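Asker: using only what follows, build the 3D model:
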Amino acid sequence: MSGGLVSLHYEKVKQWLLAHQVLIGWGALSLSIGTIGLYVFNKQVLNFGHNAAVSPHQPYMLIYDVVMIAFVFVLGQRYAVWHTKRPEHWLARLIGHGAQVSFGVYLCQTIAISLLGGLLSLGGFSNGMLILLLPIGYIFILAVSFTIAWLCYRIAPFGWLIGRPQSLSVSSKGVLNHEQTHRSVVSESNK
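Answerer: Below you'll find the model as predicted:
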């Protein structure tokens, strides 16, 4: 229902979110850190088991989700403005490539998580060390998943494995037949 209401009043919601983007950013950060406190509270005060303590069906999580969705929306709007000014920047190209294989990354993350689990089992790391290595683990999983998905995307016929089937023939421009060579941007004037 919220999505329907937002679509009916999109411009007003967009203006409000952009006007309050700093508050939304700090709220997202604060609520993210607060999830750790929520987990500790659920475990130690309410004596919940792990599954109940991490359940998304809690009042706190409703607020957290709404603020995170707003934060991602604001980030997307800011990226769109930046991208119109610098479409050839390496980061813009990387995000564009990521968009092409995002479903494949989702499908391949299990492979990357399994690889990381195997590597970590060889190390005998303490819990504190594992927490410190968490950002590196996220980067590893993303990099491995992206690499596998990108290779499947570029090497026919493996595109089927990531939901991007490709023809074995390539057009004269070097673009796979199912790809669009021209994409128009919808602006306010095109509506």
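
Asker: which strands and helices sit next to the host helix or strand of residue 99?
Answerer: Using DSSP states H and E, the element containing residue 99 is helix 90-100. Judged by 3 or more Cβ pairs under 8 Å, 6 or more residues apart in numbering; DSSP states H and E, helix 90-100 is in contact with helix 59-85, helix 127-154. Where you see a C-beta, it was placed from the backbone N, CA and C, and this is true even at glycine.

Asker: which residues touch it?
Answerer: Contact with helix 90-100 is made by 79, 82-83, 86, 105, 146, 150, 153, 164, as judged by Cβ atoms under 8 Å, 6 or more residues apart in numbering.

Asker: give me the distance between the residue minimising distance to the centre of the chain and residue 20.
Answerer: Central residue of the chain (Cα atoms, centre = their mean): residue 102, 8.6 Å from the mean position. Look at residue 102 and residue 20: by Cβ to Cβ, to the nearest Å, they are 28 Å apart.

Asker: same thing with residue 59?
Answerer: Relative to residue 20, and taking Cβ to Cβ, residue 59 is found at 22 Å.

Asker: and stretch 21-34, how far from the chain's centre?
Answerer: Distance, stretch centre to chain centre, for stretch 21-34: 17 Å (Cα atoms, centre = their mean, to the nearest Å).

Asker: so which bits of that stretch are buried?
Answerer: By neighbour count on 16 or more other Cβ atoms under 10 Å, the buried set for stretch 21-34 is 21, 24, 27-28, 31.

Asker: now do stretch 67-87
Answerer: In terms of neighbour count (16+ other Cβ under 10 Å), stretch 67-87 has its buried residues at 67-71, 73-74.

Asker: what of stretch 104-124?
Answerer: Buried residues in stretch 104-124, counted by 16+ other Cβ under 10 Å: 104-105, 107-109, 112, 116.

Asker: quick one on the thing from earlier: now the helices and strands packed on helix 90-100 in a markdown table, with distance to residue 12 and mean pLDDT?
Answerer: Supplementary listing: the helices and strands packed on helix 90-100 in a markdown table, determined by distance: least, Cβ to Cβ, whole Å; pLDDT from 0 to 100:
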| stretch | distance to residue 12 | mean pLDDT |
| --- | --- | --- |
| helix 59-85 | 13 | 95 |
| helix 127-154 | 35 | 93 |
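
Asker: out of those, nearest to residue 15?
Answerer: Comparison of the helices and strands packed on helix 90-100 against residue 15 by Cβ to Cβ identifies helix 59-85 as nearest, at 10.5 Å.
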